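Trainee: Need the 3D shape of this:
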Amino acid sequence: MAASSAAERSRSIGEGREPFLAWPGMSGLRLTLPLSYLFFKIFYSIYGGASLLAKLRRPHVDFYFPWEMRLPFLPSWTLVYLTVPLLLLLTPFILRTWRSFMPFFLTLTVETLIAGVFFLAVPLAQAYPPRVASGFLGGVFHMADRLNLDYNKLPSLHMAFAVTAAVVFGRRCGWLGRTLFSLWIVAVCASAMLIHEHQVLDLAAGLALGLAGVASVQRRASDDRSLDAIRIDGLCLQELWSFTRWRPGRLGPFLTLTRGSLFRWRQTRTLRAAYCLALHVDDVLNGGRKVEGDRQEHARSILRVLAGGEPAPGAVAEQLAAFLAAALGEERKRQLRCLLETLIARSGGRIEIIPAIREIFPPPSPAASAGTAPAPPRSAASR
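Mentor: The predicted structure follows:
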């Protein structure tokens, strides 16, 4: 009977576990695919740019141990080597929500930036002798070799990304999955050496970079407070994109606010959110933003959320209003509601929003700037 109950518990755990690989739905892809594309652009700008700049200098020969020069060249191991980018392509189907995808995106981006500094500071040339490969596997090898470019050796981003993926994805698996990921890391390390792409020191540096990225960036970015803060900043950028399409001149004031926020980013998040919210209401009332239904009713729904109502899923302005309702004190909420009500009452008229926002959010004193804003509220749309 005890064995039967244990089997039932094991079966229930297995049934309750989220599948490792699954279709995320279009709502998930609309968030993760743009981030994937953005990372692709960041990676190849840094990786490709570092390789091009290295040609203007005299790269050193990569650091190696004498025994590495005796390793055989086996182009068939390119198939293992290429499993790293293939696994990364599956990331939107493994980390299917932006709350799980964003920390991974930030971790890989930071690793790329750090590696780019090393690539520029210490460009390294191939230490292995020239490689000759033919046939189908030779074609696969030459394709991978072209993607690797030149001089970007230490640290090995291939290894850093593989370790990061193995640790992050392994957390979504049982013990068997984590064991397989560990064996996969060993195979990737062996493949990089057997196709004469990296030396041991390159791989060791990549391993250290990957583990450090997971322990620092991934861990911190996975915190709910950090994710909620990133969500609010992302909503502000989304609103900014809409503003500049309607009135490009509004980019200037927003950049002025952003420049003044650089050294008080967390403390001035409410200022930026309030500015975006006020501009959203102004755009809607002046016909610059198309909304379903009556424009004034749309603006009043934002006021209701600011007064403590529940935001509608997917409504960017209402999400910003919910954040401000939780983050602001009663006096500032009252002043912001007065500003929005004034915009509604003067629908179609011109109101200077920047001075009004500055009155609500005066520059903080040095003592106040040491504080932090409350965490934004989570909702169904943020998951």
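Trainee: ok, residue 89 to residue 39 distance?
Mentor: Between residue 89 and residue 39 the computed distance is 11 Å (Cβ to Cβ, to the nearest Å). Quick note: C-beta positions are derived from backbone N, CA and C, even for glycine.
Trainee: now swap in residue 168 and tell me
Mentor: As judged by Cβ to Cβ, residue 168 and residue 39 stand 14 Å apart.
Trainee: Looking only at neighbour counts, state which of these two leads.
Mentor: residue 168 (23 against 18; other Cβ atoms under 10 Å).
Trainee: Let's verify that one: helix, strand, or coil?
Mentor: Using DSSP: H, G, I helix; E, B strand; the rest coil, the structure places residue 168 in helix.
Trainee: Could you tell me which residues make contact with it?
Mentor: The contact partners of residue 168, by Cβ atoms under 8 Å, 6 or more residues apart in numbering, come to 95, 103, 104, 107, 214, 218.
Trainee: so who does the closest residue to the first one other than its chain neighbours touch?
Mentor: Take residue 95 and drop its neighbours on the chain: the residue closest to it by Cβ to Cβ, 6 or more residues apart in numbering is residue 101, 4.3 Å away. The contact partners of residue 101, taken as Cβ under 8 Å, 6+ apart, are 31, 32, 35, 91, 92, 95.
Trainee: Any of those buried? List them.
Mentor: 31, 32, 35, 91, 92, 95 (16 or more other Cβ atoms under 10 Å).
Trainee: buried stuff in the helix or strand hosting residue 207?
Mentor: Per DSSP states H and E: residue 207 is located in helix 200-213. Neighbour-count burial for helix 200-213, with 16+ other Cβ under 10 Å as criterion, is recorded at 201, 202, 203, 204, 205, 206, 207, 209, 210, 212, 213.
Trainee: now for it, which elements pack on it?
Mentor: helix 98-121, helix 157-170, helix 175-194 (3 or more Cβ pairs under 8 Å, 6 or more residues apart in numbering; DSSP states H and E).
Trainee: Now for the chain, the helix or strand with the poorest mean pLDDT.
Mentor: Scoring the helices and strands of the chain by mean pLDDT, DSSP states H and E places helix 2-16 at the bottom, with a mean of 43.
Trainee: Follow the chain on from that one and name the next helix or strand.
Mentor: Following helix 2-16 in sequence, per DSSP H and E, is helix 26-54.
Trainee: and that following helix, average pLDDT?
Mentor: Mean per-residue pLDDT for helix 26-54: 89.
Trainee: what is the orientation angle of it with helix 157-170?
Mentor: For helix 26-54 against helix 157-170, the angle by axes from the mean of the first three to the mean of the last three Cα atoms, to 10 degrees is 160 degrees.
Trainee: Residues touching the helix or strand following helix 26-54, excluding its own?
Mentor: Downstream of helix 26-54, the next assigned helix or strand under DSSP H and E is strand 60-61. Residues from elsewhere that reach strand 60-61 (Cβ under 8 Å, 6+ apart): 122, 123, 124, 125, 126, 127.
Trainee: Which pair of those residues spans the longest distance?
Mentor: For the contacts of strand 60-61, the maximum inter-member distance is 14.4 Å, found between 122 and 126 (Cβ to Cβ).
Trainee: Which one's more surrounded, those two?
Mentor: Counting neighbours by other Cβ under 10 Å for residue 122 and for residue 126 shows that residue 126 has the greater number, 18 against 15.
Trainee: can you count the residues close to the closest residue to that one other than its chain neighbours?
Mentor: Distances taken as Cβ to Cβ, 6+ apart place residue 62 nearest to residue 126, at 6.6 Å, with adjacent residues excluded. By the criterion of other Cβ under 10 Å, residue 62 has 20 neighbours.
Trainee: residues contacting residue 62?
Mentor: For residue 62, the residues meeting the contact criterion (Cβ under 8 Å, 6+ apart) are 124, 125, 126, 127, 153, 154, 199, 201, 202.
Trainee: mean confidence for stretch 278-285?
Mentor: 83.
Trainee: I misspoke; the intended subject was stretch 233-241.
Mentor: 81.
Trainee: Could you chop this protein up by domain?
Mentor: 23-221, 224-382 (automatic domain parsing).
Trainee: Output the below-cut-off pLDDT ranges for the stretch 251-383 of the chain.
Mentor: Along the stretch 251-383 of the chain, segments meeting pLDDT under 70 span 251, 260, 347-351, 363-383.
Trainee: ugh, wrong one, the stretch 101-250 of the chain
Mentor: Judged by pLDDT under 70, the stretches of the stretch 101-250 of the chain that qualify are 246-247, 249-250.
Trainee: that older thread, quick one: which of the buried ones among the contacts of residue 101 is nearest to residue 193?
Mentor: Of all those, residue 91 has the smallest distance to residue 193: 25.7 Å, by Cβ to Cβ.
Trainee: Check that closest one and give its pLDDT.
Mentor: 94.
Trainee: So that it lines up with my notes, have the first residue be 34 from now on.
Mentor: Got it, first residue is 34 now, which makes that one residue 124.
Trainee: now it: how far from residue 61?
Mentor: Residue 124 sits 12 Å away from residue 61, going by Cβ to Cβ.
Trainee: Show me which positions of stretch 116-131 end up buried.
Mentor: Neighbour counts over stretch 116-131 (16+ other Cβ under 10 Å) mark 117, 120, 121, 124, 125, 126, 127, 128, 129, 131 as buried.
Trainee: which pair in these spans the largest distance?
Mentor: Counting by Cβ to Cβ, the most remote pair of those is 117 and 131, 23.1 Å apart.
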